[in-house]
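Student: The sequence and its predicted three-dimensional model are supplied below.
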Amino acid sequence: MPTGLGKTAMAVLGWLWRYEGTAYGKSHKDWSVFMSEELEVLKLVARRLAAAGIPYMVTGSIAVNFYAVPRMTRDIDLVVEIGERVADHVVALFEDEFYIDRDMARHAVETRGMFNMIHTASVVKVDLIVRKDTEYRRTEFARRRWVAVEGQEVCIVAPEDLILSKLEWAKDSRSERQLEDVRNLLLSVPDLDKDYLVQWADRLGVGALYREVCS
């Protein structure tokens with residue numbers, strides 16, 4: 001596996017894309033990318049979850065890299081909709097190519113928390129976030145969309161909900177990285193549903209922060 005500058009360059013190139021035609025209602029962004037470890041792991045995980053009938057969506061930095069200007073990341077964040085009896089099945093799906101702790105997976109499902117798994121060949125980390133049973137998280141999950149990644153369909157969070165999640169993560173920490181991601185998304189994504197953003201930003205307690213970032 002390449003190290004140093006070679007590894008960094010490979011990861012950055014892995015998230016380059018080109019615009020083709022029209023998307024999100026009027027314009028469509030095609031995710032055409034150079035080969036990367038992160039992308040291959042994402043496709044592997046998405047393929048196995050879909051085959052097992054486990055609903056999921058890509059979120060976090062990977063989703064930002066789809067909608068806006070790419071930045072370096074070695075982690076993959078996925079929200080999954082699973083019940084307690086499915087935890088062992090999820091472990092069985094991935095334990096041949098990933099390090100995954102069965103007890104941590106069970107605990108995360110019981111508490112609607114998060115557990116992770118490490119791809120043993122590439123050391124790419126995948127965080128699996130169990131969907132919380134709140135009105136907003138149910139709404140967010142229902143709004144997820146399918147996009148094509150190198151010929152494979154992958155389910156991804158809607159851009160408005162990615163912005164709202166970033167604002168929630170930044171609410172207490174004032175993380176400049178999270179806020180920069182929000183600004184990046186606001187500038188990069190056409191036809192955002194601003195009414196939806198204002199409504200849920202206020203209901204989630206991040207309305208002031210949203211207006212601050214927009215100003």
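Tutor: Happy to help now that I have it. Just so it is clear, the model here is predicted, and its values are computed rather than measured. Numbers count the residues shown, from 1 in each chain.
Student: And the residue nearest in space to the middle of the chain, how far from Ala108?
Tutor: Nearest residue to the geometric centre of the chain (CA atoms, centre = their mean): Thr59, 1.6 Å. As for Thr59, its distance to Ala108 is 16 Å (criterion: CB to CB, to the nearest Å). Glycine gets a C-beta too; all of them are placed from N, C-alpha and C.
Student: got it, and Val206?
Tutor: 25 Å.
Student: can I assume Ile62 is in contact with Val41?
Tutor: No. With contact defined as CB atoms under 8 Å, Ile62 does not reach Val41; the gap is 10.2 Å.
Student: okay, and the common contacts of the two?
Tutor: Ile76 (CB atoms under 8 Å, 6 or more residues apart in numbering).
Student: How are the helices of the protein distributed by residue range?
Tutor: Using DSSP state H, the helices of the chain run over 4-13, 37-51, 60-67, 87-94, 102-111, 135-142, 159-173, 176-188, 194-203, 207-214.
Student: most neighbours per residue, which of those?
Tutor: Of the helices of the chain, the one with the most neighbours on average (mean count of other CB atoms under 10 Å) is helix 60-67, at a mean of 23.
Student: Could you check how far that helix is from the centre of its chain?
Tutor: Centre-to-centre, helix 60-67 and its host chain are 6 Å apart (CA atoms, centre = their mean, to the nearest Å).
Student: Next, the angle helix 176-188 makes with that helix.
Tutor: 20 degrees (axes from the mean of the first three to the mean of the last three CA atoms, to 10 degrees).
Student: sorry, back to before: is it possible to get JSON lines of the helices of the chain that adds distance to Met117?
Tutor: What follows is the helices of the chain, written out as JSON lines (distance: least, CB to CB, whole Å):
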{"stretch": "helix 4-13", "distance to Met117": "19"}
{"stretch": "helix 37-51", "distance to Met117": "8"}
{"stretch": "helix 60-67", "distance to Met117": "15"}
{"stretch": "helix 87-94", "distance to Met117": "6"}
{"stretch": "helix 102-111", "distance to Met117": "8"}
{"stretch": "helix 135-142", "distance to Met117": "21"}
{"stretch": "helix 159-173", "distance to Met117": "21"}
{"stretch": "helix 176-188", "distance to Met117": "24"}
{"stretch": "helix 194-203", "distance to Met117": "30"}
{"stretch": "helix 207-214", "distance to Met117": "32"}
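Student: closest one to Glu150 among the ones you listed?
Tutor: Glu150 lies closest, by CB to CB, to one member of the helices of the chain: helix 37-51, at 7.2 Å.
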